[in-house]
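Q: one predicted model, sequence on top.
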Amino acid sequence: MSAGLANDLVFAAPSADEMSAGLQPLDPRYIHVIRIMTALVLLPVIIAATVSEFALVAEGVGEHGMIVAPVLALVAFILVFLPQRKWKRWGFSDAQEQLRVARGWMFRTDTIVPFKRIQHIDLGEGPVERLFGLASLTVHTAGTHNSIVTLPGLARADAEAMRDAMRLHIRREAE
Amino acid sequence: MTDTLSAAGSVAAAAAASGAERRLHPLTLMLNLARQLPQALLGLVALRFSGPDQLKPWVALFALAVIIVMFGFEFYRWWRFSYRLDAEELRIASGIFSRNVRSIPYERIQDVNLEQGPFARILGLAKVRLETGSSGSGDEGALDSVDLAEAERLRDVIRLRKAQQIAGIEAADESRPAVVQSEATVLFAMDPQRILTAGVFNFSLVFFALVGALLNNLDFLIPGNFWDPRRFLDFLGLDDLFAALDLAARIASVIAALFGVLVVGLVGGIIRTFLREHGFRLERTETGFRRRRGLITLTDVVMPLHRIQAAVIATGPIRRRFGWYELKVQSLASDSDKESDHSIAPFATVAELRHVLGETRIAWETDYPAMRSVDPAMWWVPLVLALPVPMIGIGTSAALANPWIALAFILLPLVPLFSWLHWRAHRYALVGDQLYVSDGFWNQTLTLLPLRRVQSVDIRQSAVSRFLGQAEIAIGVAGRPSAVTVHALPVEEALALRTCLLGAAGASA
């Protein structure tokens, strides 16, 4: 795969405008996770394209390659270039006793949850994440909006360390 | 099995705490049955009319069997449901096949609310609802129903035990349960005249919706040409008369019809308001507010002050002119299941409202004129993106189908007008340790959010607002279904506001 090339392209910190100041990037291995997850989503598309192409050729319409070729090209483009772009849009920070998670580009959301507001913490590992030694951290707040904030793509040890740091701040409601 | 379960737990406590097993009021049985009866009847009616022919003679027998089974089932369920006030906790045992014994420590009970539906009021029953802090639907502990005296006794005992548990005092004395219930001061009440005024402002066309829905569902009963006006005219023999009416009379009849709508709307609003707000009383109890209201369904809700997260002052352009406001608070306690805001002064003057608000720890120090407006991009950006679609749509259909459709262009300026009014109504301010956000030109709301109640802060930016150098801020607050949002801020302002919002959250708590 072209992972090596892709990783070389984007090892800088996320875009350096004032909105994103102070953010750390996710673990670069998370790019592979995104790529595999995207591939799993795209698989049915490829299958559908192949099936319809064979059906059409059997009917005598067109030639082999007329659907599959462009679809494969598009899929290859998505799998090569999109995962690291997606990865680059993520950022987090746990400075100043606050968990900050920024994500997305078309609709960018930058969430801050003070550690003191965290109700409980989940540490999750999907099968693909586990393959790369990654984990995701999910914090729950009392708010109805934003009651669940998820930060994926952390090295497992880092995620555990962050969880333990946050756990110290979880108390019963002060008032 | 229940006996073994509860016996095991009660060995120590029973003697001291006089925790006798109690059942719900027997009349509850009737209530539950009455609730299920309509469905059962409908099923039987359906069977009678549309079932297979050979079954029809048996319907009466079948009905009897159903009623007996239902009654037996309900009775057994009632029999198996019991509750007990232990020294430390309230225990509720329930379940027919799988037994469940729930223990709720008094300490964990936040509120005890009483609710009375129309039938329950006739029978003198009340539903006791215990609010615990859990995020569930609020039905974690409900006794449906006990008689009113028992409900009040339960509330008093639970409050007393809770107070004792917190204070660490032992020796429950059930003979004087009314200690906690010291004389409460009435903060706000509404007399019928006030409710009538509120009803006038509550102009509501819900009656038409209701009649419409009924007609929709019952239209199989109505002849097909029922709504044809000619039929009425034929029926009344007025055919010739109507033809002879001149234009003026027709206009007059239209005006009369509009007037009729107005009257129905007014009456509908007044009836609705009376049903909900009759006998409204807000009292200050030791720990918070207690609100009682309702004409047919009485509700009695307790809101501890420390669970109130934010306040909302709502009004409308006309109500504001007459000086009427509504005060709602957002609390972690769940009211009747549908309501997330607790209206604690539905129709009050500024002075009354400040009096009530003064009891909470929420200040009201600024208002619309002194607040900051946001960037005008809030109203024109969506227009630029969205308006071309209807414009092109109307244009093409006018060109292709009927030139008259082009008249719809006359309505289009309304969209920018409303958008602009919304922008103008949207302002915010940060005064002291509170955020103020005003919204809406028709339903005007002013949200008062103490910074210590901020749970999380989002800065959001779409590709368009990034291009314009803007962002919006969304604040998560507990007990509030949606975020408190400030739209269309310049990025620097959004970042600065976020720092202020979180500064307080970090400091206190």
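A: Perfect, I can see it now.

Q: would you mind listing what in chain A touches chain B?
A: Applying C-beta under 8 Å from any C-beta of the partner chain, we find that chain A lies next to chain B at A:18-19, A:96-98, A:105-114, A:116-117, A:141-147, A:149, A:174-175. Bear in mind the C-beta positions are built from the backbone N, C-alpha and C, glycine included.

Q: among those, name the buried ones.
A: In the residues of chain A next to chain B, burial by neighbour count holds for A:19, A:98, A:108-114, A:116-117, A:141-147, A:149, counting by 16 or more other C-beta atoms under 10 Å in any protein chain shown.

Q: how about the residues of the stretch 401-509 of chain B that lie near chain A?
A: Near chain A, when you scan the stretch 401-509 of chain B using C-beta under 8 Å from any C-beta, you find B:452, B:454-463, B:466, B:471, B:474-483, B:491-492, B:495, B:498, B:502, B:505-506, B:508-509.

Q: so where is the chain shaky, pLDDT-wise?
A: You didn't pick a chain, so chain A it is. Confidence mapping of chain A against pLDDT under 70 gives the ranges A:1-17, A:171-175.

Q: meant chain B actually
A: B:1-19, B:50-52, B:55-56, B:132-140, B:166-183, B:205-207, B:212-245, B:333-340, B:504-509.

Q: in strands only, show me the residues of the stretch 401-509 of chain B next to chain A.
A: Residues of these located in strands (DSSP state E): B:454-462, B:471, B:474-477.

Q: could the residues you listed go into a markdown table alongside neighbour count?
A: Converted to a markdown table, these look like this (neighbours: other C-beta atoms under 10 Å in any protein chain shown):
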| residue | neighbour count |
| --- | --- |
| B:454 | 29 |
| B:455 | 26 |
| B:456 | 29 |
| B:457 | 27 |
| B:458 | 24 |
| B:459 | 22 |
| B:460 | 19 |
| B:461 | 24 |
| B:462 | 18 |
| B:471 | 27 |
| B:474 | 19 |
| B:475 | 29 |
| B:476 | 25 |
| B:477 | 25 |
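
Q: which one of those residues is nearest to residue B:419?
A: residue B:462 (16.9 Å; C-beta to C-beta).

Q: do I have it right that that closest one meets residue A:104?
A: No. Between residue B:462 and residue A:104 there is no contact under C-beta atoms under 8 Å: 9.3 Å.

Q: okay, and the common contacts of the two?
A: Common contacts of residue B:462 and residue A:104, defined by C-beta atoms under 8 Å, 6 or more residues apart in numbering or on different chains, are absent altogether.

Q: all strands of chain A, in order?
A: Under DSSP E, chain A gives strands at A:91-93, A:98-103, A:107-114, A:118-124, A:134-141, A:148-155.

Q: out of those strands, nearest to residue B:442?
A: Among the strands of chain A, if distance is taken as C-beta to C-beta, the winner is strand A:107-114, at 28.2 Å.

Q: CA atoms only for that closest one - export them in CSV, please.
A: Extracted as CSV, the C-alpha positions of strand A:107-114 are listed here (Å, rounded to 0.1, in the frame of the first residue of the first chain):
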residue,chain,number,x,y,z
PHE,A,107,-18.0,21.3,9.6
ARG,A,108,-15.4,21.8,12.2
THR,A,109,-16.2,21.3,15.8
ASP,A,110,-13.8,22.1,18.6
THR,A,111,-15.1,20.8,22.0
ILE,A,112,-13.7,21.5,25.4
VAL,A,113,-14.8,19.5,28.5
PRO,A,114,-13.2,20.5,31.8
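
Q: direction included, what does it pair up with?
A: The strands beside strand A:107-114 in its sheet (DSSP bridges) come out as strand A:98-103 (antiparallel), strand B:454-462 (antiparallel).

Q: distance to residue B:97 for these - can I get that in TSV?
A: Shown next, in TSV, are the strands paired with strand A:107-114 (distance: least, C-beta to C-beta, whole Å):
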stretch	distance to residue B:97
strand A:98-103	45
strand B:454-462	41
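
Q: to residue B:311, which of these lies closest?
A: Taking the strands paired with strand A:107-114 one by one with C-beta to C-beta, strand B:454-462 is closest: 14.6 Å.

Q: got the angle between that closest one and strand B:470-477?
A: 150 degrees (axes from the mean of the first three to the mean of the last three C-alpha atoms, to 10 degrees).

Q: strand B:454-462 vs strand A:148-155, what angle?
A: Going by the same axes, to 10 degrees, strand B:454-462 makes 70 degrees with strand A:148-155.

Q: tell me the spacing between residue B:38 and residue B:98.
A: 29 Å (C-beta to C-beta, to the nearest Å).

Q: now swap in residue B:414 and tell me
A: 59 Å.

Q: again with residue B:397
A: 62 Å.

Q: repeat for residue B:495
A: Counting by C-beta to C-beta - residue B:495 and residue B:98 are separated by 55 Å.

Q: report the contact partners of the residue of chain A found nearest chain B.
A: Residue of chain A nearest chain B, by C-beta to the nearest C-beta: residue A:143 (2.9 Å). Neighbouring residues of residue A:143 by C-beta under 8 Å, 6+ apart: A:117, B:455-456, B:476-478, B:480, B:483.

Q: closest to residue A:170 among those residues?
A: Taking C-beta to C-beta as the measure, residue A:170 lies nearest residue A:117 of the contacts of residue A:143, at 9.3 Å.

Q: show me which helix runs longest in chain A.
A: What stands out as the longest helix in chain A, according to DSSP state H, is helix A:30-58.

Q: what's the spacing between that one and its chain's center?
A: 20 Å (C-alpha atoms, centre = their mean, to the nearest Å).

Q: repeat for stretch A:49-65
A: Counting by C-alpha atoms, centre = their mean, stretch A:49-65 comes out at 36 Å from the chain centroid.

Q: state the distance from residue B:82 to residue B:306.
A: According to C-beta to C-beta, residue B:82 stands 32 Å off from residue B:306.

Q: repeat for residue A:70
A: 63 Å.

Q: neighbours around the residue in the stretch 301-450 of chain B that chain A sits nearest to, how many?
A: Residue of the stretch 301-450 of chain B nearest chain A, by C-beta to the nearest C-beta: residue B:306 (5.2 Å). Neighbours of residue B:306 under the rule other C-beta atoms under 10 Å in any protein chain shown: 16.

Q: contact partners for residue B:347?
A: Applying C-beta under 8 Å, 6+ apart to residue B:347 gives the contacts B:190, B:194-195, B:197-198, B:201, B:277, B:324-326.

Q: out of the residues you listed, flag the one nearest to chain A.
A: Taking those together and measuring to chain A by C-beta to the nearest C-beta, the closest member is residue B:326, at 21.5 Å.

Q: OK, contacts around that closest one?
A: By C-beta under 8 Å, 6+ apart, the neighbours of residue B:326 are B:313-315, B:343, B:345-348.

Q: specify the local secondary structure of it.
A: strand (DSSP: H, G, I helix; E, B strand; the rest coil).

Q: tell me the bridge partners for residue B:484.
A: residue B:475.
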